[in-house]
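Engineer: dropping the sequence and predicted coords here.
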Amino acid sequence: MVLTGRAAALAAIGAVVVAAAAPSWAGVLTVTGFVLALALADVVLAGSPRALRLSRDGDRTARLGTSATVRLSVRNAGRRRVRGVLRDAWPPSAGAVADRVHVGLPAGERRLVETVLQPTRRGDRTADRVTVRSLGPLGLAGRQGSHAVPWTVRVLPPFHARRHLPSRLARLREIDGRSAVRIRGQGTEFDSLREYVRGDDVRSIDWRATARHGGVVVRTWRPERDRHVLIVLDTGRTSAGRVGDEPRLDAAIDTALLLGTLAARAGDRVDLLAFDRQVRADVGRLEATDVLRRMVGALAVLEPELLETDYRQLTAEILTRARQHALVVIVTGLDSSAVELGLLPVIGRLTRRHTVMVASVADPRLAELAAGRGDSDAVYAAAAAEHDRLARAQLAELLARRGAHVVDQPPADLPPAVADAYLELKAAGRL
Amino acid sequence: MSTTTTAPESRPLDPTGADVWRRWRRPLAVVVLLLLTAVILGIVQSRAGRGYLDPEGVDNPGARALARLLADQGVDITPVRAGADAVAAAGPHDTVLVTVPDLLTSGQIDRLIDTGARLVLVAPELRVPDYAPGLSAVLVDEPGSVEPGCELPVAERAGSVRLGGLGYSGDVSRSEGATCYPVDGEPSLAVTATEAGSQVVLLGTADPLTNEHLDDDGNAALALGLLGQTERLVWYRPIPEQGADAPAAFTDQLPGWVRAGAWQLAIAALLAAAWRARRLGRLVTEPLPVVVRASETTEGRARLYRRGRSREHAAMLLRTAAIRRLAATAHLHAGELGPDAVDTLVTTLATRTGRPAVKIAALLTGPPPADDAALVRLADDLDALENAGVPRATGTSPTGKDPRPS
């Protein structure tokens, strides 16, 4: 049972009646009794929220930055008209634009209520209850009831780096030789033999085959394919630190998406692993047509954990997943203590068998602080920033000396930089 | 980027009447049981003693035995607690027994006397002059068996009774009264008249009236004699009351329509509260992500440097960073920066910028700054050197991006 402002207003008007006509206890009781009796009649006459049948359909996923629409079908299975307010409750970060609507639903009818969500964070957003407040004909009071109508909208990472994809794909085609430029050299592998046609490079003539065949035969080449790319996201505590307005992990996800898409288009096998002290996401054997959807789905619910990443165990996980030579891309933050104590001791085991790239999300704030001049506070801050930059640079050097390729860039530049590094390695045939 | 599917229909979450009953029946049973226990205990308790000179009290200080005796004698007993009730109940031909006369205010005493009723006061002390002018109370021996020692018929009939505690000295001859049962020379029973002329009896102690002592000596005879003289007896056990002489409360002075209207408005406010208090569904919670800036440790370190005034350290860091950047532009490998390499760098920079090599060397490897101002100057000088030392073509400025990724 709920009361409305009208009931209170009626009682307040009753105060005038009491004061003017019956200034006594009996008058107060009569007026209040009258108001309550009307309210009670309203409650009795209000349609029952319990009798509503609700169901949902609509979007299951939404990319962060876009909106999703979830439709709520409300059917009145009761005998009375339900008139009142309906609230479709969502968590704050689901960004429901208007979660309250007025409904007037005669018995037996069905209506659609649309809720537009503009999510503000990545991850699963689960609908809470649907609450209906049904008022009686006088609008003095009514009934209220809630329904559980489960629905989950998965908010996918925005993949801002997708704008870098066309240019990288173009470069990939250049390397691939599908475009006009065809370079023979390191980084291409033997494809097949065919008869010489005029215009072929004479250097590609295979003399041994020519001798056996009778006609002139040339070798054709194609770039390496079917290489294994293993993308590893560090979801430990360094990934929780905010760079700009986003945690490092979001930049790491963008990087993984761009690299994964690119590598899958290039014909490589892409695996994805997210790890801190246990496996948080594990997507393997991605098909080129399916890679983005599956990676996005797996990465959407990833959250930074406030744990130190166990790199020893992570190395073991990597080695079990990549038995053959592979490109292992570890996306992390070059936080001196965490990496020095964790990654540095084990990087050798990885570089011995694989090509390893360490992609690190740098903080532009460091450069900002390092440029600080003018008063002693700013200069001390600059010195502190230089300390951290020196530590990072030294760490990068140490990693490079152990055979890893280090890419350290601010969030916006990291995905294209990693993609470029991948393309360079591919062109050089070092995958 | 969205898939459309349909979920099964909802289920209502709010309890039905049966659910509510199932949930609340146990607590309700407990509450009912507690209430029953309380009622039974109350009934049992009410049979036990309830207080001093209570006509229904069966314990020692009670007076049920006396009340029964009086009732058997045909006396109509009216027990009252409020002063106004006592005044209303008492008439000129009645007796009023006041168990704690000192509790009454002067106004109440006056009104009681004005009824013209005969008063029997149990152990009055401070208020004695108000009841019986000319008399005053004095402390005497504890109650004990005392001989009448007077001509009062009631006392003579009763013989020795248990009296004492308080005596009443003064002159009673004006009202043809009597003073009996002297203890320590002061009578502990006095019969006199009020200002209005009605009879008033002052009893030094309640003992002769109580259940405990009623059957001792002549106590019962005295009590019956004092209280059974009229057909009606008002048994007044006073409770502390605010005197009617006190000014009336502010709210009592308001006109009736204002009070009634205010009450109705209060009810309206209650309804408004009930309206606003009910949420449209519950609050929705969600776990929020941790907000830690990645640069937090750097800023913390900056504060440490500042607090410790570690100029030496800060200068060393700024110089090392500048040397690394300059070495990168001079195509020297930063990793092998020994003293020789710094000398080479100084020479290179001297030729490139045209500045004296000594000054450049002092800037890059000199002693730490003496104060904060010197540190700030050092930072600016290093910037200037980098600006001059870096060929314009590569376009790096000290405030912009580094040639090396940080």
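Structural biologist: Structure's in. What do you need? This one's a predicted model, so the numbers in the text were calculated from it and none came from an experiment.

Engineer: which ones are touching B:Arg237?
Structural biologist: By Cβ atoms under 8 Å, 6 or more residues apart in numbering or on different chains, the contact set of B:Arg237 is B:51-54, B:79-81, B:99-100. Every residue, glycine included, has its C-beta placed from N, CA and C.

Engineer: state the pLDDT value of it.
Structural biologist: pLDDT recorded at B:Arg237 is 87.

Engineer: from B:Arg64, how far off is it?
Structural biologist: 13 Å (Cβ to Cβ, to the nearest Å).

Engineer: can you list residues touching both of those two?
Structural biologist: Common contact partners of B:Arg237 and B:Arg64 (Cβ under 8 Å, 6+ apart): B:Asp54.

Engineer: circling back: okay, and which of the contacts of B:Arg237 map to helices?
Structural biologist: Using DSSP state H, no member of the contacts of B:Arg237 falls in helices.

Engineer: what residue of chain B is the furthest out?
Structural biologist: Relative to the centre of chain B, the most outlying C-alpha is that of B:Thr351, 86.1 Å out, by Cα atoms, centre = their mean.

Engineer: and the helix or strand hosting that residue, does that touch chain A?
Structural biologist: Counting by DSSP states H and E, the element that carries B:Thr351 is helix B:339-353. No. Judged by Cβ under 8 Å from any Cβ of the partner chain, helix B:339-353 stays clear of chain A, getting no closer than 15.7 Å.

Engineer: check which helices and strands that helix sits against.
Structural biologist: On a contact count with 3 or more Cβ pairs under 8 Å, 6 or more residues apart in numbering or on different chains; DSSP states H and E, helix B:339-353 meets helix B:311-329, helix B:357-365, helix B:372-389.

Engineer: my guess is B:Trp257 meets A:Ala19, correct?
Structural biologist: Yes. Proximity of B:Trp257 to A:Ala19 meets the contact threshold set by Cβ atoms under 8 Å, at 4.4 Å.

Engineer: out of these two, which sits in the busier spot?
Structural biologist: Neighbours per residue (other Cβ atoms under 10 Å in any protein chain shown) separate B:Trp257 from A:Ala19, with A:Ala19 holding more: 21 against 16.

Engineer: and that one, that one's in a helix?
Structural biologist: Yes. Under DSSP: H, G, I helix; E, B strand; the rest coil, A:Ala19 sits within a helix.

Engineer: can you tell me the closest non-neighbouring residue to it?
Structural biologist: B:Gly261 (3.3 Å; Cβ to Cβ, 6 or more residues apart in numbering or on different chains).

Engineer: next, the one you found: secondary structure please.
Structural biologist: Put simply, B:Gly261 is helix when judged by three-state DSSP.

Engineer: the helix or strand where A:Leu273 lies and chain B in contact?
Structural biologist: Assigned by DSSP H and E, A:Leu273 belongs to strand A:269-275. No. Applying Cβ under 8 Å from any Cβ, one finds strand A:269-275 separated from chain B by no less than 15.9 Å.

Engineer: low-confidence ranges in the stretch 251-400 of chain A?
Structural biologist: Applying pLDDT under 70 to the stretch 251-400 of chain A picks out residues A:286, A:336.

Engineer: where does it come near chain B, residue by residue?
Structural biologist: Residues of the stretch 251-400 of chain A lying near chain B (Cβ under 8 Å from any Cβ): A:303-304, A:306, A:333, A:362-363, A:365-367, A:369-371, A:373-377, A:379-390, A:392-393, A:396-397.

Engineer: nearest residue to the spatially most central residue of chain A other than its sequence neighbours?
Structural biologist: Nearest to the mean C-alpha position of chain A, by Cα atoms, centre = their mean, lies A:Pro157 at 2.5 Å. Among residues not flanking A:Pro157 along the chain, A:Ile253 sits closest, at 4.8 Å (Cβ to Cβ, 6+ apart).

Engineer: A:Gly342 now?
Structural biologist: The shortest distance from A:Gly342 to any non-neighbouring residue, by Cβ to Cβ, 6+ apart, is to A:Tyr311 (3.8 Å).

Engineer: neighbours around that neighbour, how many?
Structural biologist: By the criterion of other Cβ under 10 Å, A:Tyr311 has 24 neighbours.

Engineer: distance of it from A:Arg280?
Structural biologist: 15 Å.

Engineer: quick one: contacts for the closest residue to B:Asp215 other than its chain neighbours?
Structural biologist: Excluding its sequence neighbours, the residue lying closest to B:Asp215 (Cβ to Cβ, 6+ apart) is B:Ala65, at 7.8 Å. By Cβ under 8 Å, 6+ apart, the residues touching B:Ala65 are B:211, B:214-215.

Engineer: what sits against B:Ile109?
Structural biologist: Counted by Cβ under 8 Å, 6+ apart, B:Ile109 has contacts B:101, B:127, B:130-131.

Engineer: equivalent analysis for B:Val346, please.
Structural biologist: B:357, B:360-361, B:364.

Engineer: got any ranges where the stretch 1-150 of chain B has weak pLDDT?
Structural biologist: Ranges of the stretch 1-150 of chain B meeting pLDDT under 70: B:1-10, B:46-50.

Engineer: follow-up on the earlier one: how far away is the residue nearest to A:Gly342 from A:Leu395?
Structural biologist: As judged by Cβ to Cβ, A:Tyr311 and A:Leu395 stand 14 Å apart.

Engineer: what do you get for B:Ala71?
Structural biologist: The gap separating B:Ala71 from A:Leu395 is 106 Å, by Cβ to Cβ.

Engineer: buried sites along the lengthiest helix in chain B?
Structural biologist: Looking across chain B with DSSP H, the single longest helix is helix B:17-47. Judged by neighbour count (16 or more other Cβ atoms under 10 Å in any protein chain shown), helix B:17-47 contains no buried residues.

Engineer: and it with chain A, contact?
Structural biologist: No. Counting by Cβ under 8 Å from any Cβ, chain A is not contacted by helix B:17-47; separation bottoms out at 10.9 Å.

Engineer: next step: the contacts of B:Arg237 restricted to strands.
Structural biologist: Among the contacts of B:Arg237, the ones falling in strands (DSSP state E) are B:79-80.

Engineer: which one of the contacts of B:Arg237 is nearest to A:Thr61?
Structural biologist: In terms of Cβ to Cβ, no member of the contacts of B:Arg237 lies closer to A:Thr61 than B:Arg81, at 78.3 Å.

Engineer: let me know whether the closest one touches B:Pro238 as I believe.
Structural biologist: Yes. Here B:Arg81 reaches B:Pro238: they are 7.3 Å apart, a contact under Cβ under 8 Å.

Engineer: neighbour-wise, which of these two wins?
Structural biologist: More crowded of B:Arg81 and B:Pro238, by other Cβ under 10 Å: B:Pro238, with 20 against 12.

Engineer: need the contact list for the residue nearest to the more buried one when sequence neighbours are not counted.
Structural biologist: Leaving aside its sequence neighbours, B:Pro238 sits nearest to B:Leu103 (Cβ to Cβ, 6+ apart; 4.2 Å). By Cβ under 8 Å, 6+ apart, the residues touching B:Leu103 are B:238-240.

Engineer: where do the strands sit along the stretch 151-300 of chain B?
Structural biologist: The residue ranges that make up the strands of the stretch 151-300 of chain B, judged by DSSP state E, counting those that start in this stretch, are B:161-163, B:166-170, B:178-183, B:186-193, B:199-203, B:232-236, B:292-293.

Engineer: and of the ones you listed, who's closest to chain A?
Structural biologist: strand B:292-293 (5.0 Å; Cβ to the nearest Cβ).

Engineer: ok, and what's touching that closest one?
Structural biologist: In contact with strand B:292-293 (Cβ under 8 Å, 6+ apart) are residues A:240-242, A:365, B:299.

Engineer: what subset of the contacts of B:Arg237 is buried?
Structural biologist: By neighbour count, with 16+ other Cβ under 10 Å, these hold B:52-54, B:79-80, B:99-100 as buried.
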